[in-house]
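Trainee: everything below, folded, please.
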Amino acid sequence: MTFLSRRAIQLWQQRKLCSAVGSKNYDIIIVGGGLVGAALCAGVCQSQSPCKVALVEPHLQTFLSNGSEQKERSFPLRTSTINPASQRWLKKLKIWELLDSKEVASFARMKVWDSRSGSSIVFHSSEVGMESLGSVVANEDLLKACYRRIQRQTVSTQDKIDFFDSQVDTIQWSSSHSGLTEWPVLTLKDGNELHGRVVVAADGSNSPTRKSANIPRYSHYYQQRAVVVSVRTEKLHRTAWQRFLSTGPIALLPMAGFNISNVVWSTTEVEASILSLATKEELVEELNNAFLGTTNAISLKVPNSEEYPPAISEILSGPASFPLTLGHATEYVKERLVLIGDAAHSVHPLAGQGVNLGFADARCLLEIFENAWMTGRDLGELSLLLQYQRKRLPKNLLMLSSLHSLESIFSFNSGSVSFIRGLGMSLLGGFLPAKKAIIEFASGNSD
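Mentor: All right, here's what the predicted structure looks like:
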């Protein structure tokens with residue numbers, strides 16, 4: 001550990017975790033300390049503002065411990081594909097530099113193909129003058145880097161942020177007839193009472209904070225589950241592979257380490273259940289068949305082939321699975337409340353955009369807060385928070401609708417639809433301006 005001694009970290013944790021029960025006032029209360037909430041917290045800590053911040057997260061002690069300890073490398077199942085825009089922001093916050101090179105796998109190439117028509121399309125970062133299309137990072141490693149950054153910042157600014165390893169019990173919002181100028185009051189299960197100028201809900205798709213504010217959320221359940229597996233491949237690769245099967249897309253993403261990759265297979269609930277009960281040998285066979293089908297032998301015979309993904313040789317961890325849903329809140333803000341990340345929206349994982357949308361939310365909100373600090377505006381003022389909604393809601397809806405449409409297009413398996421789909425992929429693959437637009441959109445460069 002180079003930045004602080006283990007003893008210094010222990011003293012820091014003892015000082016910063018709030019144990020004294022009472023009423024406390026804050027400029028910003030962030031509810032939820034996952035990737036998006038922690039990144040926003042790091043950004044606020046790095047700013048020159050005099051704001052007092054509270055971070056409320058029931059798993060905070062674990063996150064802080066993980067951020068300060070060096071643990072033996074494992075084979076994580078939950079990963080994120082960080083697009084170039086998110087990576088630039090994380091570099092600006094000095095979070096990215098805290099990731100070990102052994103924890104990041106960048107890829108410059110992506111191949112997408114249709115199992116029914118056989119048509120494919122290849123995207124390459126060189127087509128838009130970028131070094132990579134994205135980087136795959138384990139969620140636990142990125143979260144650890146976020147908390148390391150927060151620790152570094154708050155050692156020198158001890159009074160700027162308080163941490164609460166607890167859950168929100170109740171939230172009292174201003175009454176509608178009061179002019180909505182009163183600060184919301186959060187009562188935690190540990191007895192603390194927090195008064196905040198603005199509450200940032202980063203507490204996930206089932207956000208209790210959003211529900212307490214009576215903000216409706218529309219959702220669609222795909223009747224599918226994403227099966228995730230950590231695997232070893234027979235060859236090293238730095239390509240993101242995605243094949244659309246009749247039951248849903250399956251992706252093979254490069255991970256840091258010796259021939260390690262992560263598989264995300266979106267499929268029916270029945271098939272997900274079958275895969276979860278399979279032996280490791282059976283699972284290897286199922287995965288190779290899903291990716292390669294009859295081309296398995298070809299892939300094994302052609303060294304360094306870029307036409308087919310490398311064969312999978314070993315299951316390292318998993319499988320695990322989670323349900324696939326699309327969700328969107330009807331509004332992102334109310335007086336003294338703002339939703340970010342999954343609390344505002346959730347998407348199908350087929351393009352790996354979920355956390356990138358959340359980071360874009362946090363980046364936008366931080367910029368608005370910074371402008372407000374410089375002009376002396378109230379951070380919880382509705383007219384200020386509406387700037388965030390006007391910027392983020394249309395862009396998030398565009399991504400949600402695009403991914404939902406893509407999922408729908410590939411869910412049809414009739415011959416005529418497959419033919420049209422294959423023709424479209426072939427035409428798109430040969431039309432560079434359209435490919436550039438898709439890459440720019442997925443890279444977050446349009447934000």
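Trainee: find the nearest non-adjacent residue to the residue positioned nearest the centre of the chain, please.
Mentor: The residue lying closest to the centre of the chain (Cα atoms, centre = their mean) is residue 355, at 2.0 Å. Spatial nearest neighbour of residue 355, excluding adjacent residues (Cβ to Cβ, 6 or more residues apart in numbering): residue 80 at 4.5 Å. (Glycine included, C-beta is placed from N, CA and C.)
Trainee: average pLDDT for the helix or strand hosting that neighbour?
Mentor: Using DSSP states H and E, residue 80 sits within strand 79-82. Mean pLDDT, strand 79-82: 93.
Trainee: can you list the strands that it pairs with?
Mentor: Applying DSSP bridges, strand 79-82 is found paired with strand 134-138 (antiparallel).
Trainee: now the strand it pairs with, how far from the centre of its chain.
Mentor: Strand 134-138 has its C-alpha centroid displaced from the chain centroid by 10 Å (Cα atoms, centre = their mean, to the nearest Å).
Trainee: kindly report the same for stretch 80-96.
Mentor: 11 Å.
Trainee: again, but for stretch 336-356
Mentor: Counting by Cα atoms, centre = their mean, stretch 336-356 comes out at 7 Å from the chain centroid.
Trainee: now stretch 207-215
Mentor: With Cα atoms, centre = their mean, you get 21 Å for stretch 207-215.
Trainee: contacts for it?
Mentor: Stretch 207-215 is contacted from outside by 31-32, 168, 170-171, 173, 199, 201, 203, 217, 329-331, 334, 337, 339, 342-344, using Cβ atoms under 8 Å, 6 or more residues apart in numbering.
Trainee: could you pick out the buried ones from the residues you listed?
Mentor: Using 16 or more other Cβ atoms under 10 Å as the burial test, the contacts of stretch 207-215 include 31-32, 168, 171, 173, 199, 201, 203, 217, 329, 334, 337, 339, 342-344 as buried.
Trainee: from the residues you listed, which is closest to residue 293?
Mentor: residue 342 (34.3 Å; Cβ to Cβ).
Trainee: list the contacts of the closest one.
Mentor: By Cβ under 8 Å, 6+ apart, the neighbours of residue 342 are 36, 204-205, 207, 327, 354, 358.
Trainee: select only the buried ones of those residues in PyMOL?
Mentor: Applied in PyMOL, the following selects the buried portion of those according to 16+ other Cβ under 10 Å:
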select buried, resi 36+204+205+207+327+354+358
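Trainee: give me the lowest-pLDDT entry from the contacts of residue 342.
Mentor: Across the set of the contacts of residue 342, residue 354 stands lowest in pLDDT, at 85.
Trainee: helix/strand/coil for residue 123?
Mentor: strand (DSSP: H, G, I helix; E, B strand; the rest coil).
Trainee: what strand or helix carries the nearest residue to it once chain neighbours are set aside?
Mentor: Excluding the flanking residues, the one nearest residue 123 by Cβ to Cβ, 6+ apart is residue 110, at 4.6 Å. Under the criterion of DSSP H and E, residue 110 resides in strand 109-114.
Trainee: direction included, what does that strand pair up with?
Mentor: Strand pairing for strand 109-114, using DSSP bridges, gives strand 120-124 (antiparallel), strand 239-245 (parallel).
Trainee: one step back: what's near enough to touch the residue nearest to residue 355?
Mentor: 35, 136-137, 139, 142, 352, 354-355.
Trainee: go again using 10 Å as the cut-off
Mentor: 35, 86, 134-139, 141-143, 253, 349, 352-356, 358-359 (Cβ atoms under 10 Å, 6 or more residues apart in numbering).
Trainee: select only the buried ones of those residues in PyMOL?
Mentor: Buried subset of the contacts of residue 80, written as a PyMOL selection, criterion 16+ other Cβ under 10 Å:
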select buried, resi 35+86+134+135+136+137+138+141+142+143+253+349+352+353+354+355+356+358+359
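Trainee: what about the contacts of residue 80, which are in strands?
Mentor: 134-138, 253 (DSSP state E).
Trainee: name the nearest of these relative to residue 27.
Mentor: residue 137 (30.6 Å).
Trainee: re earlier: and the ones in strands among the contacts of residue 80 as a markdown table, adding distance to residue 94?
Mentor: Shown next, in a markdown table, are those (distance: Cβ to Cβ, whole Å):
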| residue | distance to residue 94 |
| --- | --- |
| 134 | 20 |
| 135 | 17 |
| 136 | 21 |
| 137 | 16 |
| 138 | 20 |
| 253 | 26 |
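Trainee: ok, those vs residue 60, which is closest?
Mentor: Nearest to residue 60 among these is residue 138, at 19.6 Å by Cβ to Cβ.
Trainee: which residue packs closest to that closest one, ignoring adjacent ones?
Mentor: Residue 138 sits nearest to residue 76 (Cβ to Cβ, 6+ apart), 3.8 Å away.
Trainee: how deep is the one you found tucked in, by neighbour count?
Mentor: 20 (other Cβ atoms under 10 Å).
Trainee: phi, psi for it please.
Mentor: With angles defined as degrees, to the nearest 10, residue 76 sits at phi -70, psi 150.
Trainee: tell me how many other residues crowd residue 184.
Mentor: Neighbours of residue 184 (other Cβ under 10 Å): 23.
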